[in-house]
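1. model the following, please.
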Amino acid sequence: MAKALLLAGSHLLCIVAGGYALNAATSPRTPHDSGMAPTKSSNRSGHEFSSASAAHTLATEAITASHAPLFDVEEAQRAAKIFAKGEGEKRVRELTADGKQQPTDPAEFAAAMLAWFRDDLKAAFDFMQAAGAGTLYDAVLVQALKSASLEDHLKLAKTLLESPAIFRVGEIMGMRLAEMNPAEAAAFFKQSGIMQERALLQTMIRGWPEDQVPRFLDMAMAVNDPALFQAFLKSTNPRKQAALLFLLDSRADSAQAFPWLAELPAELRGHLYRYADPSVPLDERIAQMKNLAWLKDATPEALREGALKQISTVDIHELMKSGPDYRYAFRHGAMTADEILTAVKEQFPELAAASEYETRVRVFNELASEDAQGAFSLISNLPEEQRNLAVIHQSRWSFRDNTPEAFYSMIDLAPGPDSAEAAPARADAWNSYGQRAYREYGSDYIDWVRELPAGVNRDAARASLAALLKRNNQADLAKEFEAP
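-> Numbering: from 1, shown residues only. I've put the predicted structure just below:
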């Protein structure tokens, strides 16, 4: 309970800080921003590369950390009924200076906008498209379309098939169908012509909530069109696709009811079981991943090792993204890395029992970008080779957009010497990072590399910079950084 209170409290602090940070977020990024705090590695060099994007990150967190609704839906719907015809549009235009500014009263704006949608759905939608953006407008749009008849919603969607606006309108259609009785949803679906409109079908599927996949199965069985199942299985949310595939595979009559399943590409099947819900038995997920091309000829030991690496990456990342905000708690000192590892093991006991190492390294991967030194405690006692490879991998993938000092502070947690496997991995990390850093910081990055302390990272940084300069027709300068 204490941890939960800390998490909630830290979110409130973030909301306050985010308001202060909004103006700073609009400042252009420069290599030498004296207004930003130095990185932990600032003592390594006279060049400090700070990022004004830190303020933007904090402001974004202030929005995402708060899950409170922007307005009371029931109250807005009641208030909307008070507006006479035409009054909703008039009030919306007053509140937004005819679409030129954000409304200052979300509750009144929501009520007026809902009234306008009731009077003229297409005109209200067009106004929102021209004037509105952000979470308030989207929240109102969801409620407005849910209040409209399905027929009017469909009519609007079909006018937008060639417009980017179809994406959200179609998604909301999927949300609505998922809330209906599956038989009624199927009846509407069959007479709607959605199957013939690819853009609408795809966006409807994308909007279907992940926790309502069993309802999709019921609806699709009533529609009785294999193409509908196949469209869902080829959509863009692998967790959702995997949930449907597992439901289909789990049926005793699967072969008779869904004969087309036998033709499902093996690679897709293996891919989706990698993303299956953690409640699916781990051994079943591993067995199905043998369908992947790179694992189909693997020994049982190699199959298990490769699958566990992939599964742990997916499951722990999904937990960090959609579950308790462990990254936020870690960043603000509410939880230590070891406490978060313990919480993850409790969430995934089968995975933790199968590979404590993979579980530990994946949690390190998720936390390292927040505080490399703090996360390092998770892997500090691993054998040197495993530890170095974990650090280099995260430097390559999670720190590629950070300042040079932040990147160095991470990769220098693996100071070498390098094994035959670690050496090319380190070179790849520096090659990838150096291109971006040189493009962004130019000569300041060159000066920074000059001042790096001796060691494997200095050697790798100089080698990557020499190659980069040669490619940019600066052969004379490149010679300075080439190995003697």
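2. quick one, domains of the protein?
-> The chain breaks down by automatic domain parsing into domains covering 1-27+38-67, 235-293, 298-381, 384-484.
3. and the last one, how far out from the chain's middle?
-> The reference is to domain 384-484. Relative to the centre of its chain, domain 384-484 is centred 27 Å away, using CA atoms, centre = their mean, to the nearest Å.
4. can you check the second one too?
-> Relative to its chain's centre, domain 235-293 lies at 23 Å (CA atoms, centre = their mean).
5. can you show me the helices along the stretch 351-484 of the chain?
-> In the stretch 351-484 of the chain, the helices defined using DSSP state H, counting those that start in this stretch lie at 356-368, 372-376, 384-398, 404-411, 422-441, 443-450, 456-471, 475-481.
6. any low-confidence regions in this protein?
-> In the predicted model, the chain carries pLDDT under 70 at residues 1-68, 132.
7. nearest the middle, which residue of it would you pick?
-> Lys321 (6.7 Å; CA atoms, centre = their mean).
8. could you say which helix or strand holds that one?
-> Assigned by DSSP states H and E, Lys321 belongs to helix 300-322.
9. distance of Glu405 from Ala130?
-> Distance from Glu405 to Ala130, counting by CB to CB, to the nearest Å: 44 Å. In short, each C-beta sits where N, CA and C put it, glycine included.
10. these two: who's more crowded?
-> More neighbours surround Glu405 than the other of Glu405 and Ala130, with 21 against 8 (other CB atoms under 10 Å).
11. any idea how far that one lies from Leu413?
-> Look at Glu405 and Leu413: by CB to CB, they are 14 Å apart.
12. equivalent analysis for Ala466, please.
-> From Ala466 to Leu413 the distance is 25 Å (CB to CB).
13. reformat the helices of the stretch 351-484 of the chain as TSV; add distance to Ser312.
-> Formatted as TSV, the helices of the stretch 351-484 of the chain follow (distance: least, CB to CB, whole Å):
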stretch	distance to Ser312
helix 356-368	4
helix 372-376	16
helix 384-398	13
helix 404-411	21
helix 422-441	19
helix 443-450	35
helix 456-471	28
helix 475-481	38
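14. for these, which one ends up most surrounded?
-> Greatest average neighbour count among those goes to helix 404-411 (a mean of 25), per mean count of other CB atoms under 10 Å.
15. which neighbouring elements make contact with that one?
-> Helix 404-411 is packed against helix 372-376, helix 384-398, helix 422-441, with contacts defined by 3 or more CB pairs under 8 Å, 6 or more residues apart in numbering; DSSP states H and E.
16. redo these as TSV? Include distance to Ala124.
-> Formatted as TSV, the helices and strands packed on helix 404-411 follow (distance: least, CB to CB, whole Å):
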stretch	distance to Ala124
helix 372-376	48
helix 384-398	43
helix 422-441	43
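17. show me the contacts for Ala343.
-> Counting by CB atoms under 8 Å, 6 or more residues apart in numbering, Ala343 makes contact with 324, 326, 335.
18. try it again with 6 Å
-> Taking CB atoms under 6 Å, 6 or more residues apart in numbering, we find Ala343 in contact with no residue.
19. now it: phi and psi?
-> phi -60, psi -40 (degrees, to the nearest 10).
20. distance of it relative to Arg331?
-> With CB to CB as the criterion, Ala343 and Arg331 are 15 Å apart.
21. for Arg215, give its distance to Ala178.
-> Here Arg215 is placed at a distance of 6 Å from Ala178 (CB to CB).
22. typed the wrong thing, it's Ala144
-> For Ala144, the distance to Ala178 (CB to CB) stands at 18 Å.
23. likewise for Leu201?
-> 15 Å.
24. try His332
-> 36 Å.
25. distance from the chain centre to stretch 196-209, please.
-> Put simply, stretch 196-209 sits 20 Å off its chain's centre (CA atoms, centre = their mean).
26. likewise for stretch 79-99?
-> Remark: stretch 79-99 is offset 36 Å from the chain centroid, using CA atoms, centre = their mean.
27. and for stretch 234-253?
-> Mean C-alpha position of stretch 234-253 versus that of the full chain (CA atoms, centre = their mean) differs by 21 Å.
28. stretch 69-77 now?
-> Taking CA atoms, centre = their mean, one finds stretch 69-77 lying 28 Å from the centre of the chain it belongs to.
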